[in-house]
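K.L.:
Got a predicted model here, sequence first, then my questions.
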Amino acid sequence: MASETATRTVWDCRWSRPGYRLFGVKEHLQPENLWVCVRQGERRSVTEEECEKCSHWEALPEGRTWQ
């Protein structure tokens, strides 16, 4: 049986969103990281690992995608 943490991915969390990215701009000049968390009402940069281990991680509701 697979552990629960193995199925917790950043793209499946109800609080994660793709960060704003600009085509052709170097990584260190991007306006946001690849992923952000919106759980507290503000966009906060997070890594995939940080999101996957977060105690507030929640699965997207069935049939939902990012807004």
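P.N.:
Thanks, I have it. Numbering: from 1, shown residues only.

K.L.:
so where is this structure shaky, pLDDT-wise?
P.N.:
1-6, 63-67 (pLDDT under 70).

K.L.:
and the spatially most central residue of it, what are its phi and psi?
P.N.:
Nearest to the geometric centre of the chain sits residue 16, at 3.2 Å (Cα atoms, centre = their mean). Phi and psi for residue 16, reported as degrees, to the nearest 10, are phi -90, psi 150.

K.L.:
residue contacts, it?
P.N.:
Contacts for residue 16 (Cβ atoms under 8 Å, 6 or more residues apart in numbering) come out as 10, 35, 36, 37, 38, 46, 51, 66. In short, each C-beta sits where N, CA and C put it, glycine included.

K.L.:
Residue 59 is in contact with the first one, correct?
P.N.:
So that's residue 10. No: contact criterion Cβ atoms under 8 Å: residue 10 and residue 59 do not qualify, at 11.9 Å.

K.L.:
Could you check which of these two is surrounded by more residues?
P.N.:
residue 10 (22 against 12; other Cβ atoms under 10 Å).

K.L.:
Ramachandran coordinates for the more buried one?
P.N.:
The phi/psi pair for residue 10 (degrees, to the nearest 10) is phi -60, psi -40.

K.L.:
if I look at it, how far off is residue 62?
P.N.:
19 Å (Cβ to Cβ, to the nearest Å).

K.L.:
cool, and residue 27?
P.N.:
Distance, residue 27 to residue 62, using Cβ to Cβ: 34 Å.

K.L.:
Please say which of those two ends up with more neighbours.
P.N.:
residue 27 (8 against 5).

K.L.:
Restricted to buried residues, select the contacts of residue 16 in PyMOL.
P.N.:
Selection of buried members from the contacts of residue 16 for PyMOL, criterion 16 or more other Cβ atoms under 10 Å:
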select buried, resi 10+35+36+37+46+51
